[in-house]
Each structure stands twice: as structure tokens, then as C-alpha cells.
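A.B. asks: Provide a 3D model corresponding to the input given below.
(one chain, ligands or ions: 2)
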Amino acid sequence: MDVLVRDVFGLYLSSAAMPKSLKSEQVRRRTTSDPLAAAMLPPANESPVDRENRLQAEQQARRVSEKIDEELRQERKNLNKSRPEVSVLLLGQSESGKSTTLKQFQLLHTPAAFHAERIAWRAVIYLNLVKSVIRILDALAPEQEAVEDHEEADTAEADLVIISADGRPPSAIQGTRVPNYDSYRHKLEPLLELGEKLTRLLSSPDEEEPTHLGPTWGNYVSQLVGTENQPPMLNGRARPAPTIVIPPKKQTHASLHQSNGFRFRGEKEVVVHTTTNWKKTFALGGNSKSPKSAHSGEIEGWWEDPDDPVHALNACAPAMMELWRDRNVRKRLKEKKIRLEETSGFYLDEIPRITAKKYIPTDADVLKARLKTMGVIEHTFSIPHGLNRGVEWRIYDVGGARNQRQAWAPYFEDVNAIIFLAPISAFDQHLTEDPRVNRLEDSLLLWKAVVSNKLLANVNIVLFLNKIDLLQSKLEAGVRLNKHMNFYGDRPNDYDSVSKYFRNKFGAIHVSYTPNKERELYIHLTAVTDTRRTSIIIADVRDIIIKGNLRNMRLV
Ligand SMILES: Nc1nc2c(ncn2[C@@H]2O[C@H](COP(=O)(O)OP(=O)(O)OP(=O)(O)O)[C@@H](O)[C@H]2O)c(=O)[nH]1
Ligand SMILES: [Mg+2]
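C.D. replies: Ligands and ions are numbered 1, 2, ... in the order given. The predicted structure is shown next:
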């Protein structure tokens with residue numbers, strides 16, 4: 001008898017082709033233990049004609065089965081081929097909210113992973129808080145020192161809003177004295193060391209090297225540009241991850257001289273490299289001690305580790321609160337037009353909670369945390385339910401500072417959609433990397449460059465006019481748009497008029513410069529730190545991108 005059986009890899013084996021031992025074992029098993037096989041065994045008295053008919057029928061059945069198997073294989077292959085995959089690139093200047101938008105995608109689609117990582121953000125939040133305190137103390141520093149510091153500020157990566165009424169250095173304006181300044185400095189001295197320590201823990205070891213591009217970069221640029229004979233490289237997997245490192249800031253006299261000023265070296269922003277696994281350092285099971293079961297009697301958690309940064313922070317908490325509540329301090333900051341509440345990573349209103357020994361960051365804390373991106377970070381997820389089920393999403397978060405932007409172009413090749421973020425609250429601020437450039441002007445130029453790019457002609461674009469919460473409070477505080485952007489003229493300075501104006505302005509640039517007149521532009525007014533509102537927008541954007549993608553697929 002020749003029967004077909006599947007081997008362990010699922011391949012069909014003809015019993016005629018089986019080794020003898022296996023064949024007899026097979027038959028033995030079939031005759032003794034498998035009732036279905038036993039029922040299918042030919043009758044013992046089968047005639048030669050019956051046997052011939054049966055073999056033919058079995059052969060026919062085998063052919064049908066093989067055909068079905070082949071069809072199933074093909075179907076699976078086609079399904080995999082047509083399994084929709086969407087690549088989305090987040091673009092925009094530094095501090096526009098790209099990484100925050102990525103966090104919202106993570107929170108929405110991979111909440112368990114997001115929650116597991118919350119504890120690792122503790123270090124970033126601590127550092128954000130420490131930097132806010134140090135900025136206050138710097139702002140209170142005696143005039144002479146501050147003038148020197150201001151000269152240096154041209155090159156420093158300080159992202160504060162410092163505007164003087166008459167163009168003189170703000171520190172030259174005589175103002176409120178803070179009698180407790182020396183006492184604050186003394187009590188908060190440990191924060192300098194803590195800031196250095198946290199910066200070291202979070203930074204990549206090669207960060208202080210001169211700017212360089214990864215070894216494969218030169219090759220890649222020519223591949224991107226392409227030649228007539230050799231088109232640009234398209235395959236995302238072959239794309240090298242560019243390594244770009246900021247050159248060290250030149251140490252000036254003022255930055256080295258720390259007798260009165262209150263700074264820590266490397267005051268520039270801490271960045272996260274694509275390659276840095278900073279989360280591991282502060283994740284549970286990393287250097288941080290995990291909270292153990294209350295019954296186990298083991299070390300209870302990081303708060304029992306005397307080296308954990310929480311202790312230094314916790315010890316300074318009363319002085320930090322005193323400083324932040326001091327009326328003279330607030331007055332001095334106001335005189336210097338320093339609005340810390342509007343800066344990234346602002347936690348000064350929550351000092352007791354953040355500095356508590358058992359503090360675990362909330363979702364909102366993580367969304368507010370500021371860590372500058374360098375290189376490109378990829379996040380993938382698929383949507384298990386609903387309209388866009390089964391779609392594989394790849395989101396690329398890039399560094400937005402000027403020296404990071406050359407890393408964007410390689411991703412233009414195979415991207416399906418772009419979410420461009422323009423922080424419209426930044427109309428009165430300047431780029432940290434080039435203090436001569438107004439941040440909103442920079443966003444408008446960047447927007448024009450993106451929408452007019454021919455490589456992106458068929459890419460769906462969604463525009464987030466972001467940080468509307470800050471825009472609203474800024475306008476309500478009386479900051480006038482037309483003081484910073486003449487072209488706004490005498491229009492009303494309220495939120496509705498200003499946001500409508502920006503919507504029209506960005507929209508008009510798209511209409512004028514897009515190489516694809518058919519492309520629709522979707523504009524959302526956003527505050528991407530607001531989870532509830534952003535999740536609704538993300539669901540909407542997902543549908544827009546999928547529909548646009550299908551439309552493009554039909555066109556090509
Ligand atoms: N209040 C408010 N803060 C926001 C908003 N969007 C982002 N932020 C904060 O702004 C800071 C900068 O946001 P990021 O997402 O890090 O900016 P980015 O575009 O990734 O910046 P780079 O990595 O330097 O390119 C963070 O502290 C955010 O929490 C917003 O709509 N409102
Ligand atoms: Mg970022």
C-alpha cells in the first residue's frame with residue numbers, strides 16, 4: 001500500500017519512499033492506534049480491480065490536495081506582499097514636538113511597553129528640573145557675571161526667552177535684588193554635581209567629539225542623489241543610521257569662570273542618540289534597584305540605594321520650593337522676560353511630587369520630559385482592531401536641530417506620509433542653534449522646503465500647528481504677535497485670529513509650492529502633550545494616511 005504521510009517538517013512522504021523501519025512503524029501505528037487510519041485501510045479481501053480504482057482515486061485526491069496547498073501558499077504569499085505597510089516621518093524644527101508625538105503613538109498602540117518604560121524617564125525629568133533651577137540661579141547672578149554670560153550666550157544652547165526692551169543685554173537692566181541669593185546658591189550647590197552626573201548617565205560617550213558623519217554616509221549621499229545609471233537606493237533596510245555628533249562648545253572665559261555664575265559644564269541640552277540605550281540605565285533591573293515584593297524582605301527599591309540621584313534631589317527640595325515661591329525671584333525673572341513656565345521640561349510647580357523618594361513618573365510627566373533627539377529613531381507597531389486592522393506602521397522620529405536635518409533626506413525615498421510639526425507658540429523665540437533666527441520664520445522656511453520637495457510630491461502631508469496651549473497663554477499674557485512678525489499688521493491678537501492666520505499662511509505656502517496640485521493638505525491645531533485630544537487627532541490622521549496611501553497605490 002502506498003499512502004501519503006507528512007513528515008515532521010510538514011512535507012508529504014510517499015510510504016513507498018520511506019525507509020523500511022519507518023514504513024513498518026507507520027503501518028503498525030496506523031493499524032493499531034489510529035482509528036481514522038484503521039477505518040481507511042483497504043479491505044483485506046480487496047480485488048485487483050478494486051485496488052486499481054482505489055489507487056487512482058487516491059492519486060486524484062492527492063492532486064486535488066496538492067493544488068489546494070499550492071493555492072493556499074500563493075494566497076499567503078500575496079497577502080504578505082499586499083499586507084499594507086505605512087511609513088510615517090515626523091518632521092519639524094527642534095522642540096516642535098516630534099518625539100512627544102511619537103510618545104503619543106506609543107501610548108496609544110503599545111501602552112504596556114510605554115508604561116514599562118516610564119520609570120526610565122525619571123532621570124530625564126530630574127535633569128529637566130535641575131536645569132530649571134540652575135537657570136533661575138543664573139538669571140539671579142550678579143550683573144557683572146551675567147553680562148559676561150550674555151556675551152557667551154550667542155553660541156550657547158540656552159533655550160530661554162530673553163528679550164530686552166531696548167536691545168541692551170537684559171542683564172544690564174537694573175532690577176529687583178534677591179536678598180537670599182547667596183543662601184539659595186549655597187543650599188542648591190549639590191544640584192550642580194547632580195546635573196553633571198545625570199548628564200553623564202544619559203549622554204552617549206562620544207558626544208563631545210567633533211561633528212562627523214558615519215563612515216557609510218558619503219556613499220549613501222551619492223546613492224540618494226543617484227545618477228542616470230544608478231537610481232537612488234530605496235530599500236529602507238539598507239539605510240545606514242547616520243551618526244552625527246555636535247562639536248564641543250568652545251570654553252570661553254565666562255563659561256569656565258564659575259565663582260558667581262551657577263552653571264554646570266556642558267550646559268547644552270542633553271541629547272538621545274539613536275545608539276544610546278539610556279533607558280536601560282534607569283529601567284528597573286538596570287542600575288536602578290527594582291521595587292521588590294513587600295514580603296520578600298529584600299531591598300525595596302531604588303530609594304534604598306544611597307547613590308540614587310533621588311536623595312540629592314530630595315534633600316534640595318525645600319530650598320528649590322523656597323526659591324520658586326520667592327516673590328523677588330519671580331519679579332526678577334519677569335523683569336528679564338524669562339517665562340520658565342513655557343520652556344520644555346517644566347516641573348517647578350510639582351517639586352514635592354517629583355522629588356519624592358518613591359516617585360514614579362506619570363504618563364503626563366513622560367510626555368512633558370525633554371530630551372533632544374539626534375539621528376533617527378524608528379518605532380513600529382500594527383493595529384490589531386478596527387478599520388486599519390493589520391496595517392504595519394513604521395514611524396521615524398528625527399532630530400530637528402539644524403545640524404540634524406541632513407539626516408532627513410534618506411527617509412524621503414520610501415515614506416508614505418509626513419507629519420510636520422510647527423510650534424506656533426514660538427513666534428517670539430529664536431533658534432537655540434542660531435539665536436539670530438526667529439523660530440517661526442525657521443518653521444515657515446522648513447515647511448516651504450518640505451512641501452516643494454519633488455521627492456515628496458506623492459507623499460501625504462499632515463500639518464500639526466502645535467503648542468496651541470502655550471500660544472493661548474502667551475497671547476493672554478499680552479505678548480503681541482505683530483511685535484515679532486511685522487506682516488501680522490493690526491489684526492486682533494487673540495487666539496482665534498492668530499491660529500486662523502497661521503492656518504492660512506501655512507496652507508497658502510502649500511498651495512503655492514507643492515509640485516502636486518492634487519495633494520490635499522490636512523491641518524490640525526494641536527497640543528501634543530494633551531493625550532485625550534491628541535489620541536482623537538491620531539485616529540483621524542491614521543485614516544487620512546491609509547486612505548491617501550490607497551489612493552496613491554491605485555495611481556501607480
Ligand atoms: N506645552 C506644550 N509642550 C509641548 C507640546 N509639544 C511638545 N511639548 C514639549 O516641548 C518639548 C520638546 O518636544 P520634543 O517632542 O522633545 O521636540 P522634538 O521636535 O522631538 O525636538 P528635537 O528632538 O530636538 O528635534 C518637550 O518637553 C515636550 O513635552 C505642546 O503642544 N504643548
Ligand atoms: Mg525629538
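A.B. asks: and stretch 321-333, end to end?
C.D. replies: End-to-end span of stretch 321-333 (Cα to Cα, to the nearest Å): 16 Å.
A.B. asks: which residues touch it?
C.D. replies: With contact meaning Cβ atoms under 8 Å, 6 or more residues apart in numbering, stretch 321-333 is reached by 133, 136-137, 139-140, 175-180, 184, 188, 339-340, 348-349, 351-352. For the C-beta atoms, the positions are set from N, CA and C on the backbone; glycine is no exception.
A.B. asks: where's the closest residue to residue 452 other than its chain neighbours relative to ligand 1, distance?
C.D. replies: Leaving aside its sequence neighbours, residue 452 sits nearest to residue 513 (Cβ to Cβ, 6 or more residues apart in numbering; 3.8 Å). Per Cβ to the nearest ligand atom, to the nearest Å, residue 513 is found 23 Å from ligand 1.
A.B. asks: do residue 101 as well
C.D. replies: With Cβ to the nearest ligand atom as the criterion, residue 101 and ligand 1 are 7 Å apart.
A.B. asks: could you measure from that residue over to residue 370?
C.D. replies: Distance, residue 101 to residue 370, using Cβ to Cβ, to the nearest Å: 14 Å.
A.B. asks: list, one by one, the residues from the stretch 51-200 of the chain near ligand 1.
C.D. replies: Counting by Cβ under 6 Å from any ligand atom, the stretch 51-200 of the chain comes close to ligand 1 at 92, 94, 95, 96, 97, 98, 99, 100.
A.B. asks: cutoff 5 Å now
C.D. replies: Contact residues, the stretch 51-200 of the chain versus ligand 1 (Cβ under 5 Å from any ligand atom): 94, 95, 96, 97, 98, 99, 100.
A.B. asks: drop anything exposed from these.
C.D. replies: 94, 95, 96, 97, 98, 99, 100 (16 or more other Cβ atoms under 10 Å).
A.B. asks: next one: phi and psi at the closest residue to ligand 2 within the stretch 251-400 of the chain?
C.D. replies: Going by Cβ to the ion, ligand 2 is nearest to residue 373 of the stretch 251-400 of the chain, at 3.1 Å. Dihedral pair for residue 373: phi -90, psi 140, per degrees, to the nearest 10.
A.B. asks: ok, it touching residue 98?
C.D. replies: Yes: the criterion here is Cβ atoms under 8 Å, and residue 373 meets it with residue 98 at 7.1 Å.
A.B. asks: which neighbours do those two share?
C.D. replies: 397, 398, 400.
A.B. asks: what is the nearest of the buried ones among the residues of the stretch 51-200 of the chain next to ligand 1 to ligand 2?
C.D. replies: residue 99 (3.2 Å).
A.B. asks: ok, the closest one - contacts?
C.D. replies: 90, 371, 373, 377, 397 are the contacts of residue 99 under Cβ under 8 Å, 6+ apart.
A.B. asks: mind running it again at 7 Å?
C.D. replies: Residues in contact with residue 99, defined by Cβ atoms under 7 Å, 6 or more residues apart in numbering, are 373, 397.
A.B. asks: near ligand 1, list only the ones from the shared contacts of residue 373 and residue 98.
C.D. replies: Among these, ligand 1 is touched by residue 400 when using Cβ under 5 Å from any ligand atom.
A.B. asks: next SSE after the longest helix along the chain?
C.D. replies: Longest helix in the chain, counting residues (DSSP state H): helix 48-82. Sequence-wise, the next helix or strand downstream of helix 48-82 (DSSP states H and E) is strand 85-91.
A.B. asks: the next helix or strand after that next one vs ligand 2: in contact?
C.D. replies: Remark: after strand 85-91, the chain's next helix or strand is helix 98-109, criterion DSSP H and E. Yes: with Cβ under 5 Å from the ion as the criterion, ligand 2 is reached by helix 98-109 at 98, 99.
A.B. asks: between helix 98-109 and strand 85-91, how many degrees?
C.D. replies: Angle between the axes of helix 98-109 and strand 85-91 is 140 degrees (criterion: axes from the mean of the first three to the mean of the last three Cα atoms, to 10 degrees).
A.B. asks: flag every buried residue along whatever helix or strand comes next after helix 98-109.
C.D. replies: Next helix or strand after helix 98-109 toward the C-terminus (DSSP H and E): helix 111-117. When neighbours are counted by 16+ other Cβ under 10 Å, the buried residues of helix 111-117 are found to be 114, 117.
A.B. asks: next, give me the two most distant ones among the residues of the stretch 51-200 of the chain next to ligand 1.
C.D. replies: 94 and 100 (12.4 Å; Cβ to Cβ).
A.B. asks: quick one, which of residue 101 and residue 370 is more surrounded?
C.D. replies: residue 101 (27 against 19; other Cβ atoms under 10 Å).
A.B. asks: excluding its backbone neighbours, what's nearest the more buried one?
C.D. replies: In space, residue 101 is closest to residue 528, 5.0 Å off (Cβ to Cβ, 6+ apart).
A.B. asks: pLDDT at the one you found, what is it?
C.D. replies: For residue 528, the pLDDT comes out at 97.
A.B. asks: quick check on it: phi, psi?
C.D. replies: Dihedral angles (degrees, to the nearest 10) for residue 528: phi -70, psi 0.
A.B. asks: close enough to count as contact, it and residue 100?
C.D. replies: Yes: here residue 528 reaches residue 100: they are 4.8 Å apart, a contact under Cβ atoms under 7 Å.
A.B. asks: where does the closest residue to residue 355 other than its chain neighbours land in three-state SS?
C.D. replies: Counting by Cβ to Cβ, 6+ apart, residue 317 is the residue found nearest to residue 355 once chain neighbours are left out, at 4.2 Å. Three-state call for residue 317 (DSSP: H, G, I helix; E, B strand; the rest coil): helix.
A.B. asks: I'd like to know how many residues surround residue 363.
C.D. replies: 15.
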